[in-house]
Every structure is written in C-alpha cells, then in structure tokens.
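Visitor: Coordinates for the following, if possible.
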Amino acid sequence: MDYGQSRKHTTRDRREAYPTIVESMTTLEKYIWVANALYKAGDKGLTLKELNEKWVRDTSISNGKPLPRQTFDRWKGNILMAFGIIIDCRPQSGYRYYISNPEALRQGELCRWLLDTYTTVNALSQNTILKDRILVEEIPSGRDFLTGIIKAMRESRIINITHKNFQYSNPFTFPVAPYCLKMFQKRWYLLAQSVNDESIRLYGLDRIVDIKETDEKFVLPKGFDAKSYFSSFFGVVLDTDIPIQRIVLRADKYHQHYLRTLPLHESQREIFTCVDYADFELILRPTYDFCMELLKVGNMIEVIKPESLRHEMYTWTKNLWKIYDKD
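Guide: Below you'll find the model as predicted:
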C-alpha cells in the first residue's frame, strides 16, 4: 500500500487534515477535489500526470499551478486521516493511483455529501454568469450556529443554548451536550443531552437564538452511533412509543419512479412491480412526520400494510375532507 509520507505527520500535516473553524476551507476543498477525481476514475485510477492535467485545468482550485508529488504524497495521508479514504497505487500498471476502499464513500454519508456538495459548488462557482438561471434552496438554519456547534462537538464541550420553542412566547437558556447534527428537509437539527435532566432531545437550529461555549466537558456515551440512533425513524420525530413495523406502500404507475430514485428510508426495497403500480417495503416507526410525507403525494401512494397505519391515514384524510367538504 502506497501511503507516501502519510505515516510521518508533522504538526502542520495534522492541522491541514483537520482544519479549524477559523482557518480557510481551501485545504479541505483540495482534499475533496483529489478524492473526487480519483473516485470518478474508478478502479482504473489515474497516473499522477493525468491527475495533474485535470488539476491544472481546474484553475478555480489550482490557480493553474501543478500539484507537486511531495504535496500529493502528504495529502494522501491527510485524506486518510480526515475521511478514511485510502489512496493506493499500482506500480505494475504505470503507477496508477486509485481509491482502494470506495465503500468508504458509498457507505459514508458525510464523505459522500461533502464530495457531492463540493462538486456542485465547484460547478456553480465556475459558472456564476448563469446565476440568474440556476435556482437553489436556502437552508438558513445552518448559517449562524452550525460552526460553533461543530467546534463544541469536536472538543466535547457543553454549550448553553438559548432555544425558542414554537409553542412558547419566550426563549429558554439551558446547557446541553451536543451529540450529533442531522440535516432534514432544509433544516439542521442538533441531537443533544440536556444536562439538567439527562434526557436526549432534538433541537432545530432555526429555533436556536444563541449559543455560548462553556469550559465544561462531556463524554460521548460509549458505542453511540448517530446513524443507528436514527435508523428506525423517518426523520426527526423520535417517538419510541411507536413500534418498528413492516410497512408496504403501493405507488401508482407515475409516482413509483420517484420512490425508486429517491427512497423514503434506507430500509426501502421494491417487492412487486407491474404496469399499473409498484409495491415498496419499509421497516421503520410510522411517526407523525412519516404520515405527513405520505399525505404530501395524495392518492399516488396507498398504505397496504399494516392495517393500523392504513386506518391512521384514513383518519387524516377524513379530517382533511371535513375542512373542504362545505366548498
């Protein structure tokens, strides 16, 4: 395995691999660029010359300057440290570099998201002349407090958050231990343990008025895994009183394509297909936000199983009908 100089990290190397909040993101963007270029090359990989040709052509990241071998060798180790991506080399094939564990990107949601986001940002930044013809969705909740929360997570520091619940007129300030962040439907959410009562709750960043870092540290529970924690839920309604169930949805001949290309949940799999519809199986807790997601598409999705969820959807639609019945 060709790690180059990855085993001998200086203080500068470690600082490059994990940029601080106040440092420029340029170095991280360069790591993402290299990983993305090699990932796209697949198992065939790229020689350093081929990689350099792509690098120099992309002046937005390289400023037209080549990537020195010594720098590339150092970056391979830093990319491994930062993202768990192994850049290996095949000497017998002309020293072609490739990603030897592509599953780290296929299964690693954050790494994949970073690569996808960088690719999009890079394409847009090179085509600002089209700014009036490319429309994007705004995610305002991450603008003010996201970096501060990430810093507290990295340093395992308790933070005081001032949170304004939609149900109350006045905000409340209290200490929390930040466990993880989750993006869901254009909003960022913080999963944290309330220091006062030790309960774990989810807080929308768009409802946070202020945060203050404290000197107090916390210990993340041993074995805590953010993805596993949310695996039985559709989104951000964490109601454990609702049992995990096998759900079968029937999508009509038009909407079935949307469910295939953008699954509702990681457990989703297609179990039957015909000309008029397709059936999809999901294993999750049918919480309130899941029901609302099904209602969004009206009669294009039908709940087949379980009967309890089918009845709940009937109740929602019956109440909706009462609102418009007089028109």
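Visitor: use CA for all of it now, contacts and neighbours both
Guide: Will do.
Visitor: so residue 268 makes contact with residue 279?
Guide: No. Using Cα atoms under 8 Å, residue 268 is not in contact with residue 279, being 10.2 Å away.
Visitor: Helix or strand: which one has residue 311?
Guide: Assigned by DSSP states H and E, residue 311 belongs to helix 307-324.
Visitor: Could you give the average pLDDT over that helix?
Guide: Helix 307-324 shows a mean pLDDT of 94.
Visitor: And for stretch 146-162?
Guide: Averaging pLDDT along stretch 146-162 gives 92.
Visitor: quick one on the thing from earlier: for the helix holding residue 311, the distance to its chain's centre please.
Guide: Relative to the chain's own centre, helix 307-324 is displaced by 32 Å; criterion: Cα atoms, centre = their mean, to the nearest Å.
Visitor: Tell me which residues of it come out buried.
Guide: Within helix 307-324, the residues scored as buried using 16 or more other Cα atoms under 10 Å are 309, 310, 313.
Visitor: need the longest strand for the protein.
Guide: The single longest strand within the chain, with elements called by DSSP state E, is strand 172-184.
Visitor: for that one, packing partners?
Guide: If you count contacts as 3 or more Cα pairs under 8 Å, 6 or more residues apart in numbering; DSSP states H and E, strand 172-184 packs onto helix 146-155, strand 157-163, strand 187-194.
Visitor: now do 10 Å
Guide: helix 146-155, strand 157-163, strand 187-194, strand 200-204, strand 208-217, helix 226-230 (3 or more Cα pairs under 10 Å, 6 or more residues apart in numbering; DSSP states H and E).
Visitor: check contacts around residue 96.
Guide: 38, 43-51, 88-90 (Cα atoms under 10 Å, 6 or more residues apart in numbering).
Visitor: how near is the closest residue in space to residue 186 that isn't next to it in sequence to residue 72?
Guide: Leaving aside its sequence neighbours, residue 186 sits nearest to residue 139 (Cα to Cα, 6 or more residues apart in numbering; 5.2 Å). To residue 72, residue 139 is 34 Å away according to Cα to Cα, to the nearest Å.
Visitor: now do residue 168
Guide: Between residue 168 and residue 72 the distance is 54 Å, computed by Cα to Cα.
Visitor: With residue 96 instead?
Guide: 13 Å.
Visitor: Next: residue 278.
Guide: In this view, residue 278 and residue 72 are 48 Å apart by Cα to Cα.
Visitor: now swap in residue 283 and tell me
Guide: Note on residue 283: its distance to residue 72, by Cα to Cα, is 44 Å.
Visitor: thinking again about what came up before, C-alpha coordinates for the helix holding residue 311, PDB please?
Guide: Output of helix 307-324 as PDB, limited to C-alpha atoms (Å, rounded to 0.1, in the frame of the first residue of the first chain):
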ATOM      1  CA  GLU A 307     -53.800  -2.100   9.000                       C
ATOM      2  CA  SER A 308     -53.200   0.300  11.900                       C
ATOM      3  CA  LEU A 309     -51.200   2.700   9.700                       C
ATOM      4  CA  ARG A 310     -53.800   2.400   6.900                       C
ATOM      5  CA  HIS A 311     -56.500   3.300   9.400                       C
ATOM      6  CA  GLU A 312     -54.400   6.300  10.700                       C
ATOM      7  CA  MET A 313     -54.000   7.600   7.100                       C
ATOM      8  CA  TYR A 314     -57.800   7.200   6.700                       C
ATOM      9  CA  THR A 315     -58.400   9.300   9.800                       C
ATOM     10  CA  TRP A 316     -56.000  12.100   8.500                       C
ATOM     11  CA  THR A 317     -57.700  12.100   5.100                       C
ATOM     12  CA  LYS A 318     -61.200  12.100   6.600                       C
ATOM     13  CA  ASN A 319     -60.300  15.100   8.800                       C
ATOM     14  CA  LEU A 320     -58.800  16.800   5.800                       C
ATOM     15  CA  TRP A 321     -62.000  16.200   3.800                       C
ATOM     16  CA  LYS A 322     -64.100  17.800   6.600                       C
ATOM     17  CA  ILE A 323     -62.200  21.100   6.000                       C
ATOM     18  CA  TYR A 324     -63.200  21.300   2.300                       C
END
